[in-house]
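**Student:** Here is a sequence together with a model predicted from it:
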Amino acid sequence: MARNDEGRNKPLYMISVAAELTGMHPQTLRVYEQKGLVNPGRSRGNTRLYSQADIDRLNLISKLTDEGINLAGVVRILDMREQTMQLKDEIESLRDQMRTMEEELHEYRVQERITAIARYEGNPEQMMRKLLGNGSAPAGASEGEAE
């Protein structure tokens, strides 16, 4: 995931602590792992270690099952939730790219305008007046110089 979740995904809690934090029985956590609803990390000794993201996910699973949704429905909901989060990340990335491209296009158009004016105007004062978008003389220029 593109989100900054490194700390939330760090495996910290043994199964007994995770069970206490979620109000679930350790066997329930094992069943959820077996069904692919949660995937805790493992220590060197192969002990299950749950992250804060795992705890949050287990709490959501508990809430959904308490509302009467079966595990197959929970799996679908969690998949759709993950897809939605990925799409939001992708949209934000595309928006950033679009902003960058708009800035580059604006800069290109300004450069093109300068080049076009400079190509056809021999007088630098007239070129500056056209660039500034007004027909008046630059500050400090006399009337005779403006024409």
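**Tutor:** Yep, it's here. Residues are numbered from 1 along each chain as shown.
**Student:** can you give me the offset of the host helix or strand of residue 114 from its chain's centre?
**Tutor:** Using DSSP states H and E, residue 114 sits within helix 71-120. Helix 71-120 sits 11 Å away from the centroid of its parent chain (CA atoms, centre = their mean, to the nearest Å).
**Student:** and that helix, average pLDDT?
**Tutor:** Mean per-residue pLDDT for helix 71-120: 92.
**Student:** ok, now stretch 49-63?
**Tutor:** Averaging pLDDT along stretch 49-63 gives 96.
**Student:** Could you do stretch 19-37 as well?
**Tutor:** Mean per-residue pLDDT for stretch 19-37: 95.
**Student:** list the contacts for the closest residue to residue 18 other than its chain neighbours?
**Tutor:** Excluding the flanking residues, the one nearest residue 18 by CB to CB, 6 or more residues apart in numbering is residue 50, at 3.9 Å. Bear in mind the C-beta positions are built from the backbone N, C-alpha and C, glycine included. Residue 50 is in contact with 11-15, 17-18, 29, 38, 40-41, 58, counting by CB atoms under 8 Å, 6 or more residues apart in numbering.
**Student:** Report the separation between the residue nearest to the spatial centre of the chain and residue 83.
**Tutor:** The centroid of the chain falls nearest to residue 89 when counting by CA atoms, centre = their mean (3.9 Å). According to CB to CB, to the nearest Å, residue 89 stands 11 Å off from residue 83.
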